[in-house]
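> Sequence and predicted model, in that order:
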Amino acid sequence: MVSIPALASSGFSSTQQVVPQTDTTKRAGATGLKSNPTDTAKSSDKIEYSAKDSTKVDKKEGIVYLYGRARVVYQGLELDADYITYNSKTKQIFASGKHDAKGKYVGRPIFKMPGQGSSLADSLRYNTETAAGKIYGVFTEQEGGFFSGGLAKKQPDDEIHSKGQTYSTCNLPHPHFGIHITKGIVTQNQIITGPVYLKIEDIPLPIGLPFAFFPKPNKKSSGIILPSPGEDFTRGFFLRDGGYYIGLSDYWDAKILGTIFTGGSYDVNLTSTYTKRYKYNGNIMLRYANTITGSEGTRDFGKQKDFSINWNHSQNANANPGSNFSASVQIQTSGYNRNTAAGMTYDPQQLSTNILSSSISYSKLLFGDLFNLSLATRVNQNTSSKTVDLTLPDISLNMARSIFPFASPNRVGDQRWYEKISIGYSMKSSNSVTAGDSILFKKQILNKFRNGMQHNIPIQMNFNVLKYFNFGTSVNYTETWHFQTIRKTYLKATGNGADLSRIDTVPGFNRYGTYNVGGSVSTKIYSTAQFSKMGNLKAIRHVMTPSIGFSYAPDFSDPTKGNYRYAEYDGSRDANGNPIRVPNPSYNATTNNTVPQYLTYARQEGMLYGGPPMGRSASLSFGIQNTVEAKVLTPKDTTGKGEKKVPIINNLSITSAYNFLAPRNNLADFNITGSTPFTDKFQVNYNAVLNPYYVKDEYDPINNTAKTYTNTYTWQRGQLPRLTSFGLSFDYSLNPEALKRKNINEQDQREQNIQKGMTPEQAEAMALVSRDPNAFVDFKIPWNFAFRYSFNYSTDRLGLNSRINNSLTFNGDANITPKWKVTFDSGWNFETNNFSITRFGIYRDLHCWDMSFSWIPFGTQQMYSVDIKVKASVLQDLKLSKRKNYYTRY
């Protein structure tokens with residue numbers, strides 16, 4: 001005899017029995033024939049059923065018993081459970097789980113109705129004829145919320161009558177908190193309930209309603225967002241980001257938030273997010289802040305009004321193959337970050353940022369995929385100098401791939417040399433202006449735009465020489481168009497004063513062409529040192545890639561060619577009636593100076609692309625790239641044959657050039673770049689610039705400088721080349737369980753999550769986690785420490801004006817207990833010898849709740865805040881909490 005598991009909550013008797021096994025029992029393999037892993041049958045009323053363990057059929061009573069991973073499919077209903085029975089006489093389906101050896105109830109029924117998501121239950125009954133049923137201990141998700149427990153009766157008209165259920169955003173079958181519904185009716189458009197009250201940890205609270213009516217629209221719901229309290233050192237106590245969420249549709253939502261301070265300051269922002277599955281997604285944020293500091297009537301009193309506009313838009317790569325539209329817009333007043341503490345994020349990086357970049361771009365492949373057209377608008381804003389660089393529009397047209405005009409389509413045998421000749425084409429055109437942000441939207445800015453167009457045609461040929469050498473040759477032609485030029489005249493100075501210049505703009509089309517020819521050759525040189533008695537070290541390999549290139553360009557600055565003109569004195573004529581030219585102060589006839597006798601200027605001076613280059617150029621470029629790696633035995637390999645490669649130096653390169661036709665200082669600076677990886681996660685990057693010329697400690701009257709830049713090499717004076725630039729940077733993160741996160745496209749990640757059965761809201765939240773994992777506190781990692789250091793030194797070629805930027809930032813966190821975590825982030829300012837903005841945080845994992853405390857104890861941005869709020873359900877299983885300093889970014 002086999003008993004159905006006792007279910008105290010199911011309402012069924014635990015003594016209900018099934019008939020003993022008879023010859024009608026069908027088991028896998030009982031016929032002696034090869035069978036599938038499951039027994040499957042079809043009844044006359046098209047009910048499909050299967051079971052992993054066994055299937056019993058009681059023909060007399062008309063009952064089918066299914067044991068172990070049982071499954072029933074009927075007219076869109078899908079039901080899986082450990083135990084299922086079907087009575088063909090009463091048309092009743094019954095499903096339940098079972099108690100395992102440890103007494104745990106497992107194998108609960110999982111069912112899915114047509115057009116709905118999956119639900120979990122303790123047990124259920126369903127009539128296939130009337131479509132009515134009873135569900136005990138249900139657990140189901142509805143638009144991000146969860147109904148659990150109690151009894152639900154499904155009526156033939158699809159109404160659901162419920163009793164004793166709990167609604168919560170906690171995704172556990174037994175939630176930590178929720179609204180207890182004593183009884184209710186769920187229809188297609190609304191939910192009507194009797195008395196409801198709030199429960200936390202099964203404790204009823206005196207917060208409830210005698211009845212409730214909830215509309216059930218086919219779109220996202222709306223609601224109030226509660227603010228977070230705290231205190232800011234300069235603006236007083238605050239309530240932050242309280243407001244209202246508006247669920248406009250499944251594809252579009254908005255929220256209006258505000259922050260108020262006891263000092264009178266306030267902040268209002270409107271944030272809207274939109275998405276269309278497999279098409280595009282984006283968000284827009286508009287912020288306005290009124291900041292009041294100090295007390296009115298005192299010297300410290302100040303009042304600032306600021307705004308910020310942010311818009312991000314991205315298109316799915318598969319939405320419209322061959323074209324793409326994207327936007328990343330960030331515009332704000334120059335004092336926004338300073339006055340609003342970077343939008344209440346108190347982020348040190350944002351507070352120190354004074355360059356904002358925005359772009360809106362569209363690209364499309366033309367003529368199949370031969371050409372790529374790109375249209376863009378770009379804005380670069382410097383909040384320190386209060387200037388804006390605006391480009392509207394920026395157009396480019398490029399050949400996606402070069403063509404080989406002499407290649408034979410029916411070639412047989414080796415490729416001939418002329419068949420390797422390729423031709424390309426590219427065009428760029430811009431209309432740009434640089435102006436103060438105060439006149440950005442005023443009419444007068446229209447006269448300040450610079451525009452032009454440039455075409456480039458490269459002709460190249462690459463081939464191997466003597467098997468080991470890669471040789472390339474090229475001819476480049478560039479055609480430049482402008483739509484205005486300049487006329488420069490000088491007013492002759494009186495006494496010892498300097499001549500004054502006047503520049504007039506002359507409208508009209510202007511073009512010029514330039515060209516250059518060049519060639520290059522490179523090869524690879526391998527050297528290996530083998531070791532037999534050096535422990536785990538087996539070999540070291542050094543790969544050198546030397547390269548040499550040569551380029552030549554003629555002189556395009558001859559005034560007789562029309563692009564350059566002699567500078568003349570305004571209105572002055574010689575005895576023959578010719579304009580008087582302005583002498584070049586650098587010209588010295590005694591020393592046969594190679595500079596021109598008279599000043600010249602390019603007619604395109606100050607235009608978008610400028611004028612053609614001055615003087616001939618015959619330049620030899622040279623460089624060498626180095627890679628060093630070691631081969632070592634794998635420590636855990638016991639055979640002694642396991643080996644791995646360990647990089648020692650990555651791409652250490654040294655480059656320079658020599659211009660044979662330059663009048664002086666023919667040799668260019670030496671540029672050095674490289675990196676050294678010490679571990680898989682720790683790499684040091686470095687770069688340097690070395691100047692090869694000697695600087696004399698005496699006054700230079702021509703350039704009016706304290707030192708003289710000579711044409712003598714430093715090694716001719718027994719010195720090394722002078723260091724004019726040096727940079728060093730590294731960062732490292734140390735923790736015992738470093739997570740390996742792959743770089744997956746955000747849109748692809750979102751779609752993969754939807755395909756795994758997530759709702760679009762869950763997929764969006766998961767994409768957020770993947771996009772910026774540092775924005776979340778991960779309780780699965782017991783401790784973490786990370787730091788970043790960068791050092792940059794630079795000076796002018798005379799060594800008179802040097803600048804050093806030295807920065808160190810560090811952060812970390814640690815689990816005090818599995819549910820408590822403390823965090824910190826700070827840095828050291830080497831210029832002031834003080835800590836940068838230092839923040840401490842405490843986080844408590846309450847599964848479905850977030851509790852956090854954030855504190856900046858010293859400095860100009862002192863503040864603290866406390867947050868307790870319901871956590872998004874998708875973050876609960878991941879044991880993630882949102883970091884406070886990332887609070888307002890999304």
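Happy to help now that I have it.

> mind listing what the residue nearest to Tyr197 when sequence neighbours are not counted touches?
The shortest distance from Tyr197 to any non-neighbouring residue, by C-beta to C-beta, 6 or more residues apart in numbering, is to Gly208 (3.1 Å). In short, each C-beta sits where N, CA and C put it, glycine included. Going by C-beta atoms under 8 Å, 6 or more residues apart in numbering, Gly208 touches 195-198.

> Identify those among the residues you listed that sit within strands.
196-198 (DSSP state E).

> In the stretch 651-800 of the chain, where is pLDDT below threshold?
702, 737-777 (pLDDT under 70).

> Likewise for the stretch 201-350 of the chain?
214-220, 342-350.

> now the strands for the stretch 1-150 of the chain?
For the stretch 1-150 of the chain, applying DSSP state E, counting those that start in this stretch gives strands covering 39-42, 48-51, 54-58, 63-74, 77-87, 92-96, 98-99, 105-106, 110-112, 118-120, 123-127, 133-136, 139-142, 145-148.

> in the chain, which spans are helices?
Assigned by DSSP state H, the chain shows helices spanning 336-344, 348-352, 746-755, 760-771, 873-876.

> Touching, Arg541 and Phe531? I think so.
No. Arg541 is beyond contact range of Phe531, at 11.7 Å (criterion: C-beta atoms under 8 Å).

> can you count the residues close to Thr485?
21 (other C-beta atoms under 10 Å).

> and what of Thr478?
17.

> repeat for Pro156
Neighbour tally, Pro156, other C-beta under 10 Å: 11.

> Go ahead and confirm it touches Ala131.
Yes. If you go by C-beta under 8 Å, Pro156 and Ala131 touch, sitting 5.3 Å apart.

> gap between the nearest residue to Arg511 once chain neighbours are set aside and Gln604?
Of all residues not flanking Arg511 in the chain, Trp481 sits nearest, at 5.1 Å (C-beta to C-beta, 6+ apart). Distance, Trp481 to Gln604, using C-beta to C-beta, to the nearest Å: 10 Å.

> Looking at those two, which is more packed in?
Gln604 (23 against 17).

> who's in contact with the residue lying closest to the more buried one once chain neighbours are set aside?
Using C-beta to C-beta, 6+ apart and skipping residues adjacent in sequence, the residue nearest Gln604 is Gly611, 4.0 Å away. Shown in contact with Gly611 (C-beta under 8 Å, 6+ apart): 512, 557, 563-564, 602-605.

> do Asn269 as well
Contacts of Asn269 by C-beta under 8 Å, 6+ apart are 256-258, 285-288, 343.

> can you redo these as a markdown table with neighbour count and distance to Phe670?
Formatted as a markdown table, these follow (neighbours: other C-beta atoms under 10 Å; distance: C-beta to C-beta, whole Å):
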| residue | neighbour count | distance to Phe670 |
| --- | --- | --- |
| Ile256 | 16 | 58 |
| Leu257 | 20 | 54 |
| Gly258 | 17 | 57 |
| Met285 | 21 | 47 |
| Leu286 | 15 | 50 |
| Arg287 | 21 | 48 |
| Tyr288 | 16 | 52 |
| Gly343 | 23 | 44 |
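
> Show me which of those is closest to Tyr67.
Closest approach to Tyr67 among these (C-beta to C-beta): Leu257, at 55.3 Å.

> who touches the closest one in this structure?
Per C-beta under 8 Å, 6+ apart, neighbours of Leu257: 225, 241-243, 268-271.

> For it, which non-adjacent residue is closest in space?
Gly243 (3.8 Å).

> What of Phe404?
Ser422 (5.3 Å).

> partner residues bridging the one you found?
Per DSSP bridges, the residues bridged to Ser422 are Gln460.

> Which pLDDT value goes with it?
pLDDT recorded at Ser422 is 93.

> Spit out the contact partners of it.
Going by C-beta under 8 Å, 6+ apart, the list of residues near Ser422 reads 402-404, 459-461.

> What distance do you get for it to Ile459?
Distance from Ser422 to Ile459, by C-beta to C-beta: 7 Å.

> Ile486 now?
33 Å.

> sorry, back to before: which of the contacts of Leu257 ranks first by neighbour count?
Asn269 (22 neighbours).

> so what's the nearest residue to Ile224 once chain neighbours are set aside bridging to?
Spatial nearest neighbour of Ile224, excluding adjacent residues (C-beta to C-beta, 6+ apart): Tyr244 at 5.9 Å. Beta-bridge pairing of Tyr244 under DSSP bridges involves Ile224, Ile256.

> Can you verify my assumption that Tyr244 contacts Ser221?
No. Counting by C-beta under 8 Å, Tyr244 does not reach Ser221; the two are 11.8 Å apart.

> Next, find the distance separating the residue nearest to Phe404 from Asn516.
Where Asn516 is concerned, Ser422 sits at a distance of 17 Å (C-beta to C-beta).

> What of Ile421?
Counting by C-beta to C-beta, the gap from Ile421 to Asn516 is 17 Å.

> Looking at the ones in strands among the contacts of Gly208, spot the one nearest Tyr251.
Distance to Tyr251 across those (C-beta to C-beta) is lowest for Val196, with 30.9 Å.

> Count the residues that sit near the closest one.
19.

> just Leu124 next, same as before
Residues within reach of Leu124, counting by other C-beta under 10 Å, total 25.

> how about it, what does it touch?
Counted by C-beta under 8 Å, 6+ apart, Leu124 has contacts 93-96, 109, 111, 133-136.

> excluding its backbone neighbours, what's nearest it?
Going by C-beta to C-beta, 6+ apart, Leu124 has Ile135 as its nearest residue, at 4.5 Å.

> bridging residues for the one you found?
Leu124, Ala152.

> Thought Ser148 was touching it, still the case?
No. Counting by C-beta under 8 Å, Ile135 stays clear of Ser148, with 11.5 Å between them.

> So for those two, which residue has more residues nearby?
Neighbour count, other C-beta under 10 Å: between Ile135 and Ser148, Ile135 has more, with 25 against 21.

> which ones are touching that one?
119, 121, 124, 151-154.

> next one: Ile292
235, 261, 263-265, 301-303.

> Then Tyr789?
So Tyr789 contacts 728-731, 807-808 (C-beta under 8 Å, 6+ apart).

> redo that, cut-off 7 Å
Counting by C-beta atoms under 7 Å, 6 or more residues apart in numbering, Tyr789 touches 729-730, 808.

> The residue lying closest to Pro818 once chain neighbours are set aside: how many residues sit nearby?
Counting by C-beta to C-beta, 6+ apart, Pro818 lies nearest to Phe779, which is 7.0 Å off, once chain neighbours are set aside. Applying other C-beta under 10 Å, we find 20 residues neighbouring Phe779.

> Test my guess that Phe779 contacts Asp845.
Yes. If you go by C-beta atoms under 7 Å, Phe779 and Asp845 touch, sitting 5.2 Å apart.

> Mind pulling the model confidence for Ala567?
Reported pLDDT for Ala567: 84.

> mind checking how far it is from Asp558?
Distance from Ala567 to Asp558, by C-beta to C-beta: 15 Å.

> do the same with Pro409
45 Å.

> And the strands in the stretch 251-400 of the chain?
Under DSSP E, counting those that start in this stretch, the stretch 251-400 of the chain gives strands at 252-261, 266-276, 280-293, 302-315, 323-332, 355-366, 371-382, 387-399.
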